[in-house]
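K.L.:
structure for the following, please:
(one chain, ligands or ions: 1)
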Amino acid sequence: MASSSSSSSSKNNDHKPPPLFNIIETSTTVLQKQTEKECSSYFIDLSRLSVSEIKNLQQIGLLSSSSDDDDDGKEETQNQNENPPQVPLQVQLLKQKHCRYLEQVWKNPLKAPFVSLDSSRPWMLYWCLNGYDLMMNSSSSSSSASSSKGKKMISLLPAKYYCGGFGGGPGQMAHAATTYAAILSLCILATSKQILKEIRIPLYRWMCSLQVVSSSSSSGATTTNIASNGIGGYRMAHDSEIDVRATYTVVCCAQLLGLLKTKKIPSTDTSNTVNTVLGRQEVINYVISCQTYEGGFGSEPFTEAHGGYTFCGIAALKLLLGDTTTTTTTTTNKLNSNLNLNSLTGWLSRRQTTYEGGFSGRTNKLVDGCYSFWQGILIPLSFPLLYNIAKLERYILLCAQEPTGGLRDKPSKSRDFYHTCYNLCGLSIAQQHHATTTATATTTNDDDENDDDETFGDQKQTLLNYTHPVYNIRIDRVAKILDMNWK
Ligand SMILES: [Zn+2]
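P.N.:
Now for the predicted structure:
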């Protein structure tokens, strides 16, 4: 579909992929052409659809039925009208179907194939809970999270956490990634405050044990020894790899639980005292050392720039520099003095694919719905006005949605909890960024800038709760946790 309404479809003629310059055909160019072809069949012109085709899409719920439908239940409505619709048709988000797909994690025992995700139990809970939370209206979501449902959800986390962090499943060793997913899940659930209070001190001890510290007593690690031995970084688990994911997940959990700037354990238990600061200058230096010559961040120094690691790097720096909002002059100046922002901006803006509209994770890689969040979040977080919101929304709503519920990487892939969560997070961020830039343009009366505020789809029906750009749970959930009195 060339636009969100049939009336404006003649404005855009981009439903055919642009020709690729095939000087040399490689496996990469072949895959790229295949991907553009599979997406092109979804970018149809609504004005050219027959009545029966429109009715079919309305019955699925992908198209609005009429201008006076209510939001809730719209996707289940069947249009019995034989005449062509007279109102502009708009693409919708299959909220009810996506919710039904996600809630299977806590409603029923998962089926046998899910055994391969046995070490990702906290992740499954987080992906499903967060995606669900973004789609629910505030009051209903809050009540479901605070009821017996919430207790049932918590019971899905590994019952015993080992050494202070959470493993992927019962009896599995503590790991920074699954701990991050477990803490975020507990922050979403209103019934888990007492649990968070009980675990934060053991968690602090465990996170301190993941730090990579210099063996010499001299302060100030140089760029060279940071890069070669990971000083300032964190390990994902004991005796495990050191990378920027570990830094982000540790720093994120520590900040949510009021532990990032703690200098010693705030506990009556003085045995085995740990006296350190999780968010110290060496940590900032380590994160900076992960920026590559391309501009994005690699998992560790001298590795390839990648969307997920770039999110981890920028979000960690935002937390460590004490500013978790979107772009501010102060933070930009702080980032500017430490990073090559020009190369980062260029790398990020080139990750949005020209034809498909979604993001790729690395140079010369294919579009993938999950990068709607990993890359999409970074542009408004650090460098506004360099991405096309309407094209990203079009990719998510048309190419990533499964008609039966759940979202996916691209049309040729199957749905899964991970891609459902991060497509929705990317859509939430796009809506949030659009609202911010529109408000800014209105305030400054700069009508010439409004070309960038075009959107795709039914903006009212597709509206999601806003996710926090650094913590990636709902903004109101973050505010409540940061306001907690931990004493
Ligand atoms: Zn993906």
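K.L.:
drop to CA atoms for contacts and neighbour counts, all remaining ones
P.N.:
Noted.
K.L.:
lowest-confidence helix or strand of the protein?
P.N.:
The least trusted helix or strand in the chain, going by mean pLDDT, DSSP states H and E, turns out to be helix 138-146, with a mean of 52.
K.L.:
I'd like the next helix or strand past that one.
P.N.:
Proceeding C-terminally, helix 138-146 gives way to helix 148-154 as the next helix or strand, assigned by DSSP states H and E.
K.L.:
contacts for that following helix, please.
P.N.:
Contacts made with helix 148-154 from outside it, assessed by CA atoms under 8 Å, 6 or more residues apart in numbering, are listed as 106, 125, 144, 186, 189, 190, 191, 192.
K.L.:
got it, and stretch 475-487?
P.N.:
When contacts are taken as CA under 8 Å, 6+ apart, the neighbours of stretch 475-487 outside the stretch itself are 187, 188, 197, 256, 257, 258, 466, 467, 468, 471.
K.L.:
which non-adjacent residue is nearest the second one?
P.N.:
Yep, that's residue 188 we're talking about. Nearest-residue entry for residue 188: residue 477, 6.0 Å, with adjacent residues in sequence omitted and distances by CA to CA, 6 or more residues apart in numbering.
K.L.:
average pLDDT for the helix or strand harbouring that neighbour?
P.N.:
For residue 477, the host element (DSSP H and E) is helix 475-482. Computed over helix 475-482, the mean pLDDT rounds to 94.
K.L.:
closest to residue 24 out of the contacts of helix 148-154?
P.N.:
Of all those, the one sitting nearest residue 24 is residue 125; the distance, using CA to CA, is 45.2 Å.
K.L.:
in what helix or strand does the closest one lie?
P.N.:
Per DSSP H and E: helix 121-135 holds residue 125.
K.L.:
who does that helix touch, helix- and strand-wise?
P.N.:
If you count contacts as 3 or more CA pairs under 8 Å, 6 or more residues apart in numbering; DSSP states H and E, helix 121-135 packs onto helix 95-107, helix 176-188, helix 417-444.
K.L.:
could you dump the first one to PDB, C-alpha only?
P.N.:
When you say that, I think you mean helix 95-107. As requested, C-alpha coordinates have been extracted for helix 95-107 and formatted as PDB (Å, rounded to 0.1, in the frame of the first residue of the first chain):
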ATOM      1  CA  LYS A  95      -4.200  -5.800  19.100                       C
ATOM      2  CA  GLN A  96      -6.600  -8.500  20.300                       C
ATOM      3  CA  LYS A  97      -4.900 -11.200  18.300                       C
ATOM      4  CA  HIS A  98      -1.400 -10.100  19.400                       C
ATOM      5  CA  CYS A  99      -2.500 -10.100  23.000                       C
ATOM      6  CA  ARG A 100      -4.000 -13.600  22.700                       C
ATOM      7  CA  TYR A 101      -0.700 -14.800  21.200                       C
ATOM      8  CA  LEU A 102       1.400 -13.200  24.000                       C
ATOM      9  CA  GLU A 103      -0.700 -14.300  26.900                       C
ATOM     10  CA  GLN A 104      -0.300 -18.000  26.100                       C
ATOM     11  CA  VAL A 105       3.000 -17.700  28.100                       C
ATOM     12  CA  TRP A 106       1.200 -17.300  31.400                       C
ATOM     13  CA  LYS A 107      -2.300 -18.800  30.600                       C
END
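K.L.:
of the helices and strands packed on helix 121-135, which is nearest residue 394?
P.N.:
Between residue 394 and these, the shortest gap by CA to CA is with helix 417-444, which sits at 9.9 Å.
K.L.:
any idea how far that closest one is from the middle of the chain?
P.N.:
For helix 417-444, the separation from the chain centroid amounts to 11 Å (computed by CA atoms, centre = their mean, to the nearest Å).
K.L.:
do a quick rundown of the helices in the stretch 201-350 of the chain.
P.N.:
Along the stretch 201-350 of the chain, counting by DSSP state H, counting those that start in this stretch, helices occupy 223-229, 244-256, 281-289, 307-320, 329-338, 341-349.
K.L.:
any chance of those in TSV, with mean neighbour count too?
P.N.:
Formatted as TSV, the helices of the stretch 201-350 of the chain follow (neighbours: other CA atoms under 10 Å):
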stretch	mean neighbour count
helix 223-229	15
helix 244-256	26
helix 281-289	23
helix 307-320	25
helix 329-338	14
helix 341-349	18
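K.L.:
now the ones you listed as a markdown table including distance to residue 111 and mean pLDDT?
P.N.:
As requested, the helices of the stretch 201-350 of the chain are exported to a markdown table (distance: least, CA to CA, whole Å; pLDDT from 0 to 100):
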| stretch | distance to residue 111 | mean pLDDT |
| --- | --- | --- |
| helix 223-229 | 43 | 62 |
| helix 244-256 | 29 | 96 |
| helix 281-289 | 40 | 92 |
| helix 307-320 | 29 | 95 |
| helix 329-338 | 46 | 68 |
| helix 341-349 | 39 | 90 |
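K.L.:
can you lay out those helices as a markdown table showing distance to residue 410?
P.N.:
Shown next, in a markdown table, are those (distance: least, CA to CA, whole Å):
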| stretch | distance to residue 410 |
| --- | --- |
| helix 223-229 | 36 |
| helix 244-256 | 25 |
| helix 281-289 | 31 |
| helix 307-320 | 17 |
| helix 329-338 | 33 |
| helix 341-349 | 20 |
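K.L.:
distance between the ends of stretch 41-52?
P.N.:
Using CA to CA, to the nearest Å, the gap from the first to the last residue of stretch 41-52 comes to 18 Å.
K.L.:
all further residue positions should be reported with the first residue as 862.
P.N.:
With the count now opening at 862, the last piece we talked about shows up as stretch 902-913.
K.L.:
buried set for that stretch?
P.N.:
For stretch 902-913, a neighbour-count test (16 or more other CA atoms under 10 Å) marks 903, 904, 905, 906, 907, 908 as buried.
K.L.:
and for stretch 1334-1348?
P.N.:
Those would be 1334, 1335, 1338, 1339, 1342, for stretch 1334-1348 by 16+ other CA under 10 Å.
K.L.:
ok, so of these, who is nearest residue 1174?
P.N.:
Minimum distance to residue 1174 across the buried residues of stretch 1334-1348 is 17.9 Å, recorded for residue 1334 (CA to CA).
K.L.:
OK, contacts around the closest residue to residue 1144 other than its chain neighbours?
P.N.:
The spatial neighbour of residue 1144 that comes closest, neighbours along the chain excluded (CA to CA, 6+ apart), is residue 1093 at 4.4 Å. Shown here is residue 1093, whose contacts under the criterion CA under 8 Å, 6+ apart are 1072, 1073, 1074, 1075, 1087, 1143, 1144, 1145, 1146, 1147.
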